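Asker: mind looking at a prediction? Sequence and model below.
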Amino acid sequence: MGFNKGEWSELYTILYLLKNQNLIIVDENLQIITDKLFKLLEILFSDKKYKIDNSYVIKIFNNSDKSQNYQISYLSEQMNILLNKIVSHQQANGSFQIAEIQPLINDFLMVKNLKVVQI
C-alpha cells in the first residue's frame, strides 16, 4: 500500500509523539514559551488507543479487549526507516511504498479522529 509524503509524515508524527512523550512548548519561531513540559499520556483514535506505559512499552487497544505491545526501541527503528524513506523519495507528487515497515503500518491505518489526552 502506497502513500504520499504528507501521509507518510502523519505516520511519522504519531511515532515521534509515542516515542517522545515529553514535549517542549514553542512558538511559531521555535522559541520556547515556557519551561514546563507537555506530557503526552495517550493518543486516541476512533477504533484504538495508544497508551504510553511507564515501562516504555506502547500498548495498543482496539475496541475489543485485545492489545498489542511495542518496545520503544522497535518504534524508534521503524521511525528512522520511515524518515529516511520520506527524505530520500525524490518525486514531489505521487505515492510510494515502504515495505520494511508494513507490519507496523497495518496497526496505524484506518484512523478517523485524533485526540491527545494530557495531564
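Answerer: Happy to help now that I have it. Residues are numbered from 1 along each chain as shown.
Asker: what's the pLDDT at the residue lying closest to His89 once chain neighbours are set aside?
Answerer: Here the nearest residue to His89 in space, its sequence neighbours aside, is Phe96; by Cβ to Cβ, 6 or more residues apart in numbering that works out to 5.5 Å. Yep, even glycine has a C-beta here, placed from its N, CA and C like the rest. pLDDT for Phe96: 89.
Asker: what pairs with Phe96 across the strands?
Answerer: Per DSSP bridges, the residues bridged to Phe96 are Phe3.
Asker: need the contact partners of the longest helix that the chain contains.
Answerer: When secondary structure is assigned using DSSP state H, the longest helix within the chain turns out to be helix 72-88. For helix 72-88, contacts defined as Cβ atoms under 8 Å, 6 or more residues apart in numbering pick out 5, 8-9, 11-12, 15-16, 18-19, 56-58, 96, 98, 100-101, 104.
Asker: contacting residues around Gln91?
Answerer: For Gln91, no contacting residues are found, by Cβ under 8 Å, 6+ apart.
Asker: quick check, central residue of the chain?
Answerer: Nearest to the mean C-alpha position of the chain, counting by Cα atoms, centre = their mean, stands Ile14 at 1.7 Å.
Asker: show me what the strand or helix carrying that residue is packed up against.
Answerer: Under the criterion DSSP states H and E, the helix or strand holding Ile14 is helix 5-19. Counting contacts by 3 or more Cβ pairs under 8 Å, 6 or more residues apart in numbering; DSSP states H and E, helix 5-19 is packed against strand 32-44, strand 48-52, helix 72-88, helix 102-108.
Asker: picking up where we left off before, for the longest helix of the chain, list the C-alpha coordinates in CSV.
Answerer: Taking only C-alpha atoms (Å, rounded to 0.1, in the frame of the first residue of the first chain), the coordinates of helix 72-88 have been written out as CSV:
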residue,chain,number,x,y,z
ILE,A,72,10.1,2.0,22.2
SER,A,73,13.3,0.8,20.6
TYR,A,74,11.3,-1.0,17.9
LEU,A,75,9.2,2.1,17.3
SER,A,76,12.4,4.1,17.1
GLU,A,77,13.9,1.8,14.5
GLN,A,78,10.7,1.9,12.4
MET,A,79,10.5,5.7,12.7
ASN,A,80,14.1,6.1,11.5
ILE,A,81,13.4,3.8,8.5
LEU,A,82,10.3,5.9,7.7
LEU,A,83,12.1,9.2,8.0
ASN,A,84,14.9,8.0,5.7
LYS,A,85,12.4,6.8,3.1
ILE,A,86,10.4,10.1,3.2
VAL,A,87,13.6,12.2,2.8
SER,A,88,15.1,10.0,0.1
